[in-house]
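**Student:** Sequence plus the predicted model coming up.
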Amino acid sequence: MQQFADILKIKDLKKRIIFVVVALAVYRLGAIIPIPGINATALENLFKAHQSGVLGFLDIFSGGALRRFSIFSMGIMPYINASIIMSLVQGAHVFPYLDRLAKEGELGHRKTVQITRVFTLFLAAFQSLGLTIALSKMPTPGSVPIVSNPTFSFYFTTVLTLTAGTIFIMWLGEQMTERGIGNGISLIIFAGIVAGLPSAVGNMIKLVQVEEIGILFALFIFAAVMVITAFVVWVETAQRKIPVQYAQRMVGRKMYGGVSTFLPLKVDQSGVIAVIFAVSLLSVPYSVLQFNPQAAWASKIMSFLNPSNIFYQLFYVGLIIFFCYFYNSVSINPKDLADNMKKWGGFIPGIRPGGQTATYIEKVLNRITLGGALFVAFIAVLPDYLRTKFNVPFYFGGTSLLIVVGVALDTIAQMEAHLVMRNYEGFSKHSKIKGRWFNVGG
């Protein structure tokens, strides 16, 4: 409690937290404002019938906005999809212009962000049109139409509203990143997932009251969620520490170096990025299929996109593993690490500086990335498997749990850094005042 009280003493940190809270309140307000012309009862019945399907899966990430078909129904997924495509294109060196932007520093980064924003606009319009057409044609229980009057005016207004909602959320997330604490886009997804937690707890209590599940079974579910959450926190904060020795060197009349330290490599370096990327990519074919949802081929692909399908789960696991390696290849360059280490007189005991050091770091990174990716994939599909095979009423799927825990840890780490930098004791038991050193959860 003392650490939380210290937050209020730091004016800049307090302003940042207040800004994030207000921004999330604005996002949640927009998530409950429905688009006119929608039969809310028919839409609710449709989501109840497809609770365990793709619609229910996407509704969790929109924070219930899709179920209400609100102005924020598309959420932030088009922006994430645009970012994925831009990263893949840059990594594959398809367009020389993008390669030149990557080498222009901050100016090139700004131009790349601007291109991503424009691409998000077109992608949001395309996905909004697909979603609107799907809801107007999708059969509902009782054959009650969701859209009472599907005219051109309705389609135009709805697509324009949904697209504008996505662009506003993108802008809001960028403002939260710049003026708040943590990654704004991740916090928006975090808020959408956590928003359904109170109703999920209430539903669990009702199931116990009507004796549909026993109290011991409910306690077992609660204990399982706590254990899985603790396991996720443990792995997300785990590090592989490579020992590094710095040789002594004379600079002027002073002797420097001669110290031992370590190079920390996280087991799950990508954090929640790989999971968010995989979920976003899986939403793209669903949007395309909505232009003709009643076709035979569309029905077959939709059955494949059901989270309870074993082939879907295998494909989902493959995407998570791919994006874990892809993120590491973009964010960590073993050759640069080895060159910087050699420049300052550092070496790994038993490994020659230079090329051999880069090869060793890459080897270690590939090994721990495989372990971290398999762990993330296992947690992502485990609760869904228990829910579909054993009717375990988990609210949090593995994907949701990974995102919630990852975003929470990242936000706490940034708050920790602000506290320690200003000579306050941080949240972690390893934190030291005076800013000498700290290790967040390590």
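**Tutor:** Here it is on my side, so go on.
**Student:** So what's the residue count around residue 72?
**Tutor:** Neighbours of residue 72 under the rule other C-beta atoms under 10 Å: 28. The way it works is simple: take the backbone N, C-alpha and C, and place the C-beta from them, glycine included.
**Student:** In contact with the spatially most central residue of the chain, which residues are there?
**Tutor:** Nearest to the mean C-alpha position of the chain, by C-alpha atoms, centre = their mean, lies residue 276 at 3.9 Å. The contact partners of residue 276, by C-beta atoms under 8 Å, 6 or more residues apart in numbering, come to 80, 186, 189, 403.
**Student:** ok, now residue 365?
**Tutor:** Residues in contact with residue 365 (C-beta under 8 Å, 6+ apart) are 265, 269, 328, 332, 334.
**Student:** hmm, back to that, doesn't the residue nearest to the centre of the chain lie inside a strand?
**Tutor:** No - going by DSSP: H, G, I helix; E, B strand; the rest coil, the assignment for residue 276 is helix, not a strand.
**Student:** Please report how far it lies from residue 70.
**Tutor:** 21 Å (C-beta to C-beta, to the nearest Å).
**Student:** ok so, going back, save the contacts of residue 276 as a markdown table, and put in neighbour count, pLDDT and distance to residue 204 too.
**Tutor:** Listed next are those as a markdown table, based on neighbours: other C-beta atoms under 10 Å; pLDDT from 0 to 100; distance: C-beta to C-beta, whole Å:
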| residue | neighbour count | pLDDT | distance to residue 204 |
| --- | --- | --- | --- |
| 80 | 23 | 85 | 30 |
| 186 | 23 | 87 | 27 |
| 189 | 28 | 86 | 23 |
| 403 | 27 | 81 | 21 |
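**Student:** Let me know the closest of these to residue 284.
**Tutor:** residue 80 (10.4 Å; C-beta to C-beta).
**Student:** returning to what we had before: what does the model give the residue nearest to the centre of the chain for pLDDT?
**Tutor:** Listed pLDDT for residue 276 reads 78.
**Student:** Please renumber the chain so that the first residue is 575 from this point on.
**Tutor:** Let's use 575 as the start, then, which means that last one is residue 850.
**Student:** Next, give phi and psi for the closest residue to residue 918 other than its chain neighbours.
**Tutor:** Nearest non-adjacent residue to residue 918, counting by C-beta to C-beta, 6 or more residues apart in numbering: residue 820, 6.8 Å away. The phi/psi pair for residue 820 (degrees, to the nearest 10) reads phi -110, psi 130.
**Student:** how near is residue 820 to residue 814?
**Tutor:** On the measure of C-beta to C-beta, residue 820 and residue 814 end up 20 Å apart.
**Student:** which ones are touching residue 695?
**Tutor:** Here residue 695 is in contact with 737, 741 (C-beta under 8 Å, 6+ apart).
**Student:** With residue 749 instead?
**Tutor:** When contacts are counted by C-beta under 8 Å, 6+ apart, residue 749 touches 593, 597, 758.
**Student:** Which secondary structure element is home to it?
**Tutor:** Applying DSSP states H and E as the criterion places residue 749 in helix 726-753.
**Student:** Centre of the chain to that helix, how far?
**Tutor:** Here the centre of helix 726-753 is set off from its chain's centre by 19 Å, with C-alpha atoms, centre = their mean, to the nearest Å.
**Student:** buried residues in it?
**Tutor:** For helix 726-753, burial by neighbour count (16 or more other C-beta atoms under 10 Å) applies to 728-729, 732-733, 735-741, 743-744, 746-747, 750-751.
**Student:** before we move on, back to that, redo the contacts of residue 749 as a markdown table? Include secondary structure and pLDDT.
**Tutor:** Formatted as a markdown table, those follow (DSSP: H, G, I helix; E, B strand; the rest coil; pLDDT from 0 to 100):
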| residue | secondary structure | pLDDT |
| --- | --- | --- |
| 593 | helix | 93 |
| 597 | helix | 93 |
| 758 | helix | 89 |
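**Student:** Closest one of those to residue 786?
**Tutor:** Using C-beta to C-beta, these come closest to residue 786 at residue 597, 38.8 Å.
**Student:** The closest one reaches residue 754, doesn't it?
**Tutor:** Yes - with contact defined as C-beta atoms under 8 Å, residue 597 counts as touching residue 754 (6.8 Å).
**Student:** And these two? Which one has more around it.
**Tutor:** When neighbours are counted by other C-beta under 10 Å, residue 597 and residue 754 differ, and residue 754 comes out ahead with 23 against 20.
**Student:** Please report the distance of that one from residue 654.
**Tutor:** Counting by C-beta to C-beta - residue 754 and residue 654 are separated by 19 Å.
**Student:** immediately after the helix holding residue 749, which helix or strand?
**Tutor:** Assignment by DSSP H and E places the next element after helix 726-753 at helix 758-768.
**Student:** relative orientation of that next one and helix 726-753 in degrees?
**Tutor:** Helix 758-768 runs at 110 degrees relative to helix 726-753, counting by axes from the mean of the first three to the mean of the last three C-alpha atoms, to 10 degrees.
**Student:** what's downstream of helix 758-768, the next helix or strand?
**Tutor:** Going down the chain from helix 758-768, the next helix or strand is helix 771-783, by DSSP H and E.
**Student:** List the buried residues for that next one?
**Tutor:** By 16+ other C-beta under 10 Å, the buried positions in helix 771-783 come out as residue 778.
**Student:** That one packs against which elements?
**Tutor:** Counting by 3 or more C-beta pairs under 8 Å, 6 or more residues apart in numbering; DSSP states H and E, the packing neighbours recorded for helix 771-783 are helix 789-810.
**Student:** The helix it packs on packs against which elements?
**Tutor:** helix 771-783, helix 929-964, helix 972-995.
**Student:** how far does the shortest one sit from the chain's center?
**Tutor:** Read it as helix 771-783. Distance of helix 771-783 from the chain centroid (C-alpha atoms, centre = their mean) equals 26 Å.
**Student:** That one vs helix 789-810, what angle?
**Tutor:** Counting by the same axes, to 10 degrees, helix 771-783 lies at 150 degrees to helix 789-810.
**Student:** What residues sit buried inside stretch 926-940?
**Tutor:** Across stretch 926-940, burial judged by 16+ other C-beta under 10 Å covers 927, 931, 932, 934, 935, 936, 938, 939.
**Student:** Touching, the third one and residue 908? I think so.
**Tutor:** The one in question is residue 932. Yes - contact criterion C-beta under 8 Å: residue 932 and residue 908 qualify, at 4.4 Å.
**Student:** so where's the chain uncertain?
**Tutor:** The model of the chain has pLDDT under 70 over residues 575-577, 623-631, 665-666, 713-717, 822-832, 861, 864-868, 962-971, 996-1016.
**Student:** Could you chop it up by domain?
**Tutor:** 587-767, 811-847+855-968 (automatic domain parsing).
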